[in-house]
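Undergrad: Got a predicted model here, sequence first, then my questions.
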Amino acid sequence: MSSKDSAHDESDCEASKYFNPAFMVLGYLGLIPFAVALLVIFSGKYEFGYISSEFIVVDPQIFFVTYSVAILSFLAGTLWQQQFFPSHGCEKNLVLSNAVVVTAWVGLVATLVSKAWIQIAVTTNMLGFLVLLARERKAMVLDLTYRKMRHRLTFLVALMHLLMLVFMLPLSR
């Protein structure tokens, strides 16, 4: 590898001074799995599958919760990177991000053991998204466009969690 290649690779990894539109596209695309689960439930179906109902059957509520835990874990990881920037990082970020993810994971495991726990898992995950956003606002220096996007996405995700809770009410069936 030449020094020119090495310098080029390093510049590709440097933090940009400008908002990368890929954040926006990926952020909004990340809403699709939440929306699909809600649409399946709203349609009156409580499972969706491919080829035949015996091949792959997915409970949309479990799908929703597992995806929620995955996204929460991803967002919690953004607080970990702040430890490399002493002016922004602190132990609170590490503890909080771990607490959010472990709580979400425990809720997921409890839901897989007994679906009676699913409303608690959806609620704690929704709160996890809000807590991470609140902490991120205090801990990270972000581009204003990214901040606005994160607020919108968190609002939409929290709204989708609330809709999931409403759809799980006995009266809505």
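TA: Happy to help now that I have it.
Undergrad: the strands in the chain, which residues?
TA: For the chain, the strands defined by DSSP state E cover 48-50, 56-58.
Undergrad: Lowest mean pLDDT across those, which one is that?
TA: Of all the strands of the chain, strand 48-50 carries the lowest average pLDDT, namely a mean of 59.
Undergrad: Can you tell me what sits against stretch 103-112?
TA: Stretch 103-112 is contacted from outside by 62, 65-66, 68-69, 72-73, 117-118, 120-121, 124-125, 128, using C-beta atoms under 8 Å, 6 or more residues apart in numbering. Every C-beta, even on glycine, is put in place using the N, C-alpha and C of the backbone.
Undergrad: From Glu91, how far off is the residue lying closest to Tyr67 once chain neighbours are set aside?
TA: Leaving aside its chain neighbours, Tyr67 sits nearest to Pro33 (4.6 Å; criterion: C-beta to C-beta, 6 or more residues apart in numbering). Separation of Pro33 from Glu91 (C-beta to C-beta, to the nearest Å): 33 Å.
Undergrad: quick revisit: what's the burial count for the residue nearest to Tyr67?
TA: 18 (other C-beta atoms under 10 Å).
Undergrad: Read off the pLDDT value for Leu142.
TA: 66.
Undergrad: what's the answer for Trp80, then?
TA: Confidence at Trp80, expressed as pLDDT, is 79.
Undergrad: what sits against it?
TA: Asn93, Leu94, Ser97.
Undergrad: Of these - the most surrounded one?
TA: Result: Ser97 is most packed of the contacts of Trp80 (other C-beta under 10 Å), 25 neighbours.
Undergrad: quick one: buried residues of the longest helix anywhere in the chain?
TA: Ranked by number of residues, the top helix in the chain under DSSP state H is helix 144-168. For helix 144-168, the neighbour count (16 or more other C-beta atoms under 10 Å) marks 147, 149-150, 153-154, 156-158, 160-161, 163-164, 167 as buried.
Undergrad: Flag the least confident of those.
TA: Arg147 (84).
Undergrad: now it: how far from Pro170?
TA: 39 Å.
Undergrad: shouldn't the residue nearest to Tyr67 be in contact with Val65?
TA: No - look at Pro33 against Val65 with C-beta atoms under 8 Å: they stay out of range, at 11.2 Å.
Undergrad: Need the per-residue pLDDT for the residue most central in space within the chain.
TA: By C-alpha atoms, centre = their mean, the mean C-alpha position of the chain lies nearest to Ile71, the distance being 2.5 Å. The confidence metric pLDDT takes the value 97 at Ile71.
Undergrad: ok, the nearest residue to Ala121 once chain neighbours are set aside - how many residues close by?
TA: Once flanking residues are discounted, Ala121 sits nearest to Gly107: 3.4 Å by C-beta to C-beta, 6+ apart. Using other C-beta under 10 Å, the number of residues around Gly107 comes to 23.
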